[in-house]
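> Return a 3D structure for these sequence lines:
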Amino acid sequence: MKIPRIAESVNHIDNDLILEAARERKTAKATPFLKWSALAACFCILIMAAAIVIPLFKPEAGMDNPLYKDVHIQEPEFAIVWPWEYKTIYEQYTSLSYQGKTYSGRAKEIRAELLGEALGSVQAKGYDIYTEKEYTENFEIYSINGISEQYLIAAEMDGKFYVFDAHEPNAFATLGEMMNAFAMEQNIQLDRFSVQDKNQKTKYYSLTDGGTVWEILDACKNAKAVNDTEWRPQTSYISFTVTSEALGVYRNVMYITEDGYLWTNAFNYANIFEIGEDAAKRIIDHVKNHSEQTESESYQITIAGKITEVGENYFILDTTPVCVNEKDGKIYKIMAEDIRIQRVLSFEKISIGDIAVVTYDGKIKDGNLIESASDLQKGFLSSEDGNILIPE
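The predicted structure follows:
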């Protein structure tokens, strides 16, 4: 069995060393998420704790419950490159070629009823850095209803369909080109947005009439693109949530700034267009007059606790250690059939008594059964500040 060196190494490090390394790096500057190369994996033992701090039981992280302590997770900065047999199909084959263009996988599933015509079969290639072996496989591909295959296609992989994107940086000269390419008005429902008040506190709103926003933007289709990789909002702005199954987009954002710009990261690369102050003002005024304040909407739900039982394809998680009062602790049964959970259990050798952090989609059956866990990380509970530390 090929074991990722980070998982193998960390299991032989004393917990106190991990906690100490984390304390030393708490104030370090966070770096972007990167995938390890084989070389980086060799040195992962030297980088044991992360600089990114995420509130565990806060709205932004997925749970707002006064029963829990103000626990933070020290998240890792890098992602493990798993051996080939422990990758999902969309991790194995992350790109494919069609009609001379390269399409990158979005790792987002799409329902069959959103597909258009069959486009044929294409060959995809994958590579295992541990064995230095290249793999090839043929997949049937399809268009997506209302969207040109020049931009998006769907590939059938293991009986499911996944969105692939051929969008390139600076691909659109005008806002209209981008809106038409992805049929944005039909595929994106603008029903949630957020703003920051003067104290930099984010407030969330539910929009009752997003159609008017699209009407205003429709009149701005000639807005020119701004090709500036260093661009940042210079004034206040509202931030729409952008989600679309057809486009393979989940909880990305679209800014409308007071000084007249539209910015979105919905299509792999940042796209910026100068729509003008008048249009921006009309959009901002409209949403403020047709919305109600609401709670934040979680990207995914994160829970943490101590493992009390490990069975075949499941484990039991007790959240008591992160509760203010022990009586408020809850016992969850986490199904572990997903390969993304299985590989962590196998490689990190998580066992009874370990602290674990679980990410899932928010759905719970029978009060405590979680069947949709998509990520599992082994952590260490710091006796100093109660934070959960995840080694790299």
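
> domain ranges for the protein?
5-84+299-389, 102-165, 175-294 (automatic domain parsing).

> So which bits of the longest strand along the chain are buried?
For the chain, the longest strand by residue count, based on DSSP state E, is strand 115-128. Going by neighbour count (16 or more other Cβ atoms under 10 Å), the buried part of strand 115-128 is 115, 119, 122, 124, 126, 128. Placement of C-beta: from N, CA and C, glycine included.

> circling back to that earlier point, mind giving me TSV with the domains of the chain and columns for distance to Tyr90?
TSV is the format used below for these (distance: least, Cβ to Cβ, whole Å):
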stretch	distance to Tyr90
domain 5-84+299-389	11
domain 102-165	5
domain 175-294	11
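
> what about those, which gets the closest to Tyr93?
Evaluated with Cβ to Cβ, these place domain 102-165 nearest to Tyr93, the distance being 4.1 Å.

> helices or strands up against the longest strand of the chain?
strand 95-98, strand 133-144, strand 152-157 (3 or more Cβ pairs under 8 Å, 6 or more residues apart in numbering; DSSP states H and E).

> Look up how far Cys220 lies from the residue sitting furthest away from the middle of the chain.
No residue in the chain sits farther from the centre than Asp278, which is 33.5 Å out by Cα atoms, centre = their mean. Asp278 is 10 Å from Cys220, where distance means Cβ to Cβ, to the nearest Å.

> Not counting sequence-adjacent ones, nearest residue to Ser95?
Ser104 (5.2 Å; Cβ to Cβ, 6 or more residues apart in numbering).

> That neighbour is in contact with Asp165, isn't it?
Yes. Ser104 is in contact with Asp165 according to Cβ atoms under 8 Å; the separation is 5.5 Å.

> When the two are compared, which one has more neighbours?
More crowded of Ser104 and Asp165, by other Cβ atoms under 10 Å: Asp165, with 22 against 14.

> And the pLDDT for that one?
Looking at Asp165, its pLDDT reads 94.

> List the residues that contact it.
In this structure, Asp165 makes contact with 103-106, 151-152, 248, 267-268, judged by Cβ atoms under 8 Å, 6 or more residues apart in numbering.

> Restricted to helices, list those.
Members of the contacts of Asp165 lying in helices (criterion: DSSP state H): none.

> Mind giving me the ChimeraX select for those residues, buried ones only?
Buried subset of the contacts of Asp165, written as a ChimeraX selection, criterion 16+ other Cβ under 10 Å:
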select :103,105,106,151,152,248,267,268
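
> which one of the contacts of Asp165 sits closest to Thr235?
Phe267 (23.9 Å).

> Contact partners for that closest one?
Counted by Cβ under 8 Å, 6+ apart, Phe267 has contacts 165, 167, 178, 182, 247, 249.

> Kindly report the same for Phe164.
Contacts of Phe164 by Cβ under 8 Å, 6+ apart are 95-96, 103-106, 141, 152-155.

> So what pairs up with it in the strands?
Gly105, Ile153 (DSSP bridges).

> ok, back up a step: quick one: which of the contacts of Asp165 is nearest to Phe240?
Nearest to Phe240 among those, with distances taken as Cβ to Cβ, is Phe267, at 14.4 Å.

> what is that closest one paired to in the beta sheet?
Applying DSSP bridges, one finds that Phe267 bridges with Tyr269.

> Look up how far Met254 lies from it.
Counting by Cβ to Cβ - Phe267 and Met254 are separated by 11 Å.

> Gln342 too?
36 Å.

> Neighbour count: these two, which is higher?
Higher neighbour count among Gln342 and Met254: Met254, with 22 against 14, using other Cβ under 10 Å.

> Tell me where the stretch 201-350 of the chain has helices.
If DSSP state H, counting those that start in this stretch is used as the criterion, the helices of the stretch 201-350 of the chain fall at 211-218, 277-289, 339-347.

> Save the ones you listed as TSV, and put in distance to Ile238 and mean pLDDT too.
Shown next, in TSV, are those (distance: least, Cβ to Cβ, whole Å; pLDDT from 0 to 100):
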stretch	distance to Ile238	mean pLDDT
helix 211-218	10	96
helix 277-289	6	96
helix 339-347	34	88
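
> quick one: which of these is nearest Lys306?
Short answer: helix 339-347, nearest of the helices of the stretch 201-350 of the chain by Cβ to Cβ, at 15.2 Å.

> Tell me the helices and strands packed up against that closest one.
Right, helix 339-347 is packed against strand 375-381 by 3+ Cβ pairs under 8 Å, 6+ apart.

> where in the stretch 101-250 of the chain is pLDDT low?
198 (pLDDT under 70).

> Which residue ranges of the stretch 251-392 of the chain form strands?
Taking DSSP state E, counting those that start in this stretch as the test, the strands found in the stretch 251-392 of the chain are 261-267, 269-274, 291-294, 301-311, 314-318, 331-335, 355-360, 369-370, 375-381, 388-389.

> Which strands border the fifth one, and is each parallel or antiparallel?
Each strand that strand 314-318 pairs with, and the sense of that pairing, follows from DSSP bridges: strand 301-311 (antiparallel), strand 331-335 (antiparallel).

> For those, give me JSON lines that also has distance to Trp263.
Below are the strands paired with strand 314-318 laid out as JSON lines (distance: least, Cβ to Cβ, whole Å):
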{"stretch": "strand 301-311", "distance to Trp263": "27"}
{"stretch": "strand 331-335", "distance to Trp263": "38"}
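
> Surely Leu152 touches Phe182?
Yes. Judged on Cβ under 8 Å, Leu152 makes contact with Phe182 at a distance of 7.3 Å.
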